[in-house]
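Student: got a structure for you, letters missing:
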């Protein structure tokens, strides 16, 4: 694996891939033309604070645009500069849940516990207001829940039930209005 420069973070793109970006360059992108009104040291200190926060306090090198913007606004506010950042949100992102992991985490209650976890996962993901909520591994999950190694009519019924429940819960959630639901 190639080492990331010390002054860089990996920023999530619309397609879910991560692009290495210099924190100084990101800061200039967000501040824009207002950068000419501020001392260069102030912007560098704010950028250094954001970098330290993500890399050392949170132990992360992957961030979303919204997370970076919020942290930058807080750092600038701490330096006495009012930063009004328009809501960026994680709208450009996709939230993914592995159905196989949910099925594997279901204990003795089996399907009952799985469906409870599935609804909670859908609500949690929609609360973040992403563009797309994606559930992966439907076939494997169904075979796991049905305790089958090969696809059978019972698997067909269980898969249809999971899809029907997801669609129903999705339709009931007010946060789902601008979000696409994908099940694979």
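Tutor: It's in. These numbers come from a predicted model, not from an experiment. Numbers count the residues shown, from 1 in each chain.
Student: which SSE is the closest residue to residue 27 other than its chain neighbours in?
Tutor: Distances taken as CB to CB, 6 or more residues apart in numbering put residue 47 closest to residue 27, at 4.2 Å, once the chain neighbours are dropped. Every C-beta, even on glycine, is put in place using the N, C-alpha and C of the backbone. Assessed by DSSP states H and E, residue 47 sits inside helix 40-52.
Student: list the buried residues in that helix.
Tutor: Neighbour counts using 16 or more other CB atoms under 10 Å place 42-43, 46-47, 49-51 of helix 40-52 among the buried residues.
Student: quick one: which of those residues is nearest to residue 133?
Tutor: residue 50 (28.1 Å; CB to CB).
Student: and the closest residue in space to the closest one that isn't next to it in sequence, what's its pLDDT?
Tutor: Once flanking residues are discounted, residue 50 sits nearest to residue 71: 4.7 Å by CB to CB, 6+ apart. The pLDDT attached to residue 71 in the predicted structure is 84.
Student: residue 71: how many residues sit nearby?
Tutor: If you count neighbours by other CB atoms under 10 Å, residue 71 ends up with 18.
Student: so which elements touch the least confident helix or strand in the chain by mean pLDDT?
Tutor: Among the helical and strand segments of the chain, the one scoring lowest on mean pLDDT, DSSP states H and E is helix 23-31, with a mean of 78. Based on contacts counted as 3 or more CB pairs under 8 Å, 6 or more residues apart in numbering; DSSP states H and E, the elements that helix 23-31 packs against are strand 8-12, helix 40-52, helix 65-78.
Student: hmm, residue 52 and the residue nearest to residue 50 touching each other?
Tutor: No. If you go by CB atoms under 8 Å, residue 71 and residue 52 don't touch, sitting 10.1 Å apart.
Student: can you give the domain ranges for this protein?
Tutor: Per automatic domain parsing, the domain ranges recorded for the chain read 8-78, 94-183.
Student: circling back: out of the helices and strands packed on helix 23-31, which comes closest to residue 106?
Tutor: Closest of the helices and strands packed on helix 23-31 to residue 106 is strand 8-12, at 29.7 Å (criterion: CB to CB).
Student: who wins for proximity to residue 31 among the helices and strands packed on helix 23-31?
Tutor: Of the helices and strands packed on helix 23-31, nearest to residue 31 by CB to CB is helix 40-52, at 6.5 Å.
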